[in-house]
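Participant: would you be able to build a 3D model of this:
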Amino acid sequence: MKMAHDARIYVAGHLGMVGSALWRELQRQGYSRLIGRGIDELDLLDAAAVRRFYAEEKPEYVLVAAAKVGGIVANDSFPAQFLYENLQIQNHLIHGAYTAGVRKLLFLGSSCIYPKHAPQPLREESLLTGPLEPTNQWYAIAKIAGIKMCQAYRRQYGCDFIAVMPTNLYGPNDNYDLRTSHVLPALIRKFHEAKVAGTAPVVCWGTGNPRREFLYVDDLARACVFLLEHYSDEQFINIGSGSDLTIRELAERVKQAVGYAGDIAWDPSLPDGTPRKWMDSSRLFALGWRPQVDLDAGIQLAYQDFLKRFGAA
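Facilitator: So this is what the prediction gives:
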């Protein structure tokens, strides 16, 4: 189903890394009536405010990229907030889309929804087949509820609501705070600061042996727009790059992109995390979609974004 270029499209969370990538991609493809609201304009925790927004703006398509997010420490420290706020945001946006007669909704989940020890690569059918990773289970439970809500509204009301499950993302507007960021942006910052200060070695967590998959966020945005037009199924669908690498290999690539000349030291007393996290994206690839940005090019683009936002020194 091709969307008309003058369709009213609401990107919830349009100022975040994922939401801003969705906004860029929709603009690139010529969609001219995009709708975005910052938290100071629309509190997604306020059900009445969301109802008014839907009644006034009448979006035809909704992309749900809004969520309360954080790293392991934040998830572990504020479990009630992560569960309650994400459930409320989803409930208001999904139910509001149903009552407003939205034509199609796309809900973005997270790969943390999969059981901690699910077989690799992670297939969509593995959902709810085992216990979750305890440190982010609150966020995962909320995201699972969002997926199930889309499925329930499809079954009961015939809503064309779909859910997608991205792998580890990186790119423009990423979080580079070393206390809360994910591994790739954290490595960019560490190597950059070591290069500027002339310090060595850069100490990285763990053994470097775990394997991870990464997808440039603009590729995720392209996949989401593609799926809005080419996918309508109750089953949620994985969005990945199709390959993974060790954290040690990743560190070497980031080091090269940043231009850091010193050594890397690994501290095995610090945790490695899950041994492998690789998603099976065969269902998506069978529809004819493929990522466009390879990892080396993506790291270069991410580093340029880091420099633009935080300065070259």
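
Participant: from Ser20, how far off is Leu220?
Facilitator: As judged by CB to CB, to the nearest Å, Leu220 and Ser20 stand 11 Å apart. For the C-beta atoms, the positions are set from N, CA and C on the backbone; glycine is no exception.

Participant: more neighbours: which of the two?
Facilitator: Leu220 (26 against 21; other CB atoms under 10 Å).

Participant: out of everything not next to it in sequence, what's closest to the more buried one?
Facilitator: Pro166 (5.2 Å; CB to CB, 6 or more residues apart in numbering).

Participant: name the residues linked to that neighbour by a beta bridge.
Facilitator: Beta-bridge pairing of Pro166, defined through DSSP bridges, involves Ile239.

Participant: list the contacts for it?
Facilitator: For Pro166, the contact set (CB atoms under 8 Å, 6 or more residues apart in numbering) comprises 18, 108-111, 215, 220, 239-240.

Participant: give me the element His192 is part of.
Facilitator: In this assignment (DSSP states H and E), His192 forms part of helix 183-197.

Participant: so which elements touch that helix?
Facilitator: For helix 183-197, the elements it packs on are strand 168-170, strand 202-205, helix 247-258, helix 295-310, judged by 3 or more CB pairs under 8 Å, 6 or more residues apart in numbering; DSSP states H and E.

Participant: kindly recompute the last result at 6 Å.
Facilitator: Helix 183-197 sits against strand 202-205, helix 247-258, with contacts defined as 3 or more CB pairs under 6 Å, 6 or more residues apart in numbering; DSSP states H and E.

Participant: mind listing what the residue lying farthest from the centre of the chain touches?
Facilitator: Going by CA atoms, centre = their mean, the residue of the chain most distant from its centre is Gly198, 33.4 Å out. With contact set as CB atoms under 6 Å, 6 or more residues apart in numbering, Gly198 has no partners.

Participant: could you tell me the per-residue confidence at it?
Facilitator: The per-residue pLDDT reported for Gly198 equals 94.

Participant: same check on Pro59?
Facilitator: 98.

Participant: before we move on, back to that, what distance do you get for the residue nearest to Leu220 to Asp46?
Facilitator: Using CB to CB, Pro166 is found at 27 Å from Asp46.

Participant: which ones are touching Asp219?
Facilitator: Contact analysis of Asp219 by CB under 6 Å, 6+ apart lists 291-293.

Participant: out of these, who's the most crowded?
Facilitator: With neighbours defined as other CB under 10 Å, the most crowded of the contacts of Asp219 is Pro291; it has 22 neighbours.

Participant: what's the closest non-adjacent residue to that residue?
Facilitator: Excluding the flanking residues, the one nearest Pro291 by CB to CB, 6+ apart is Asp219, at 4.2 Å.

Participant: buried stuff in the helix or strand where that neighbour lies?
Facilitator: Using DSSP H and E, Asp219 maps to helix 217-230. Of the residues in helix 217-230, 217-228 count as buried by neighbour count, 16 or more other CB atoms under 10 Å.

Participant: where in the chain is pLDDT low?
Facilitator: The chain contains residues with pLDDT under 70 at 312-313.

Participant: can you give me the helices in it?
Facilitator: Assigned helices in the chain, in chain order: 17-28, 47-57, 72-77, 79-100, 137-157, 183-197, 217-230, 247-258, 282-286, 295-310 (criterion: DSSP state H).

Participant: for the shortest one, name the packing helices and strands.
Facilitator: Spelled out, it's helix 282-286. Applying 3+ CB pairs under 6 Å, 6+ apart, one finds that helix 282-286 contacts strand 237-239.

Participant: run through who's touching the strand it packs on.
Facilitator: Residues contacting strand 237-239 (CB under 6 Å, 6+ apart): 164-166, 220, 223, 279, 281, 283-284.

Participant: could you redo the last one with a cut-off of 10 Å?
Facilitator: Strand 237-239 has contacts (CB atoms under 10 Å, 6 or more residues apart in numbering) with 108-109, 111, 114, 121-124, 162-167, 169, 215, 219-220, 222-224, 226-227, 231, 279-285, 287, 289, 291.

Participant: do stretch 286-296 as well
Facilitator: Residues from elsewhere that reach stretch 286-296 (CB under 10 Å, 6+ apart): 170-171, 184, 213-220, 222-223, 226-227, 230-231, 237, 239-245, 249-250, 253-254, 256-257, 281, 284-285, 298-301.
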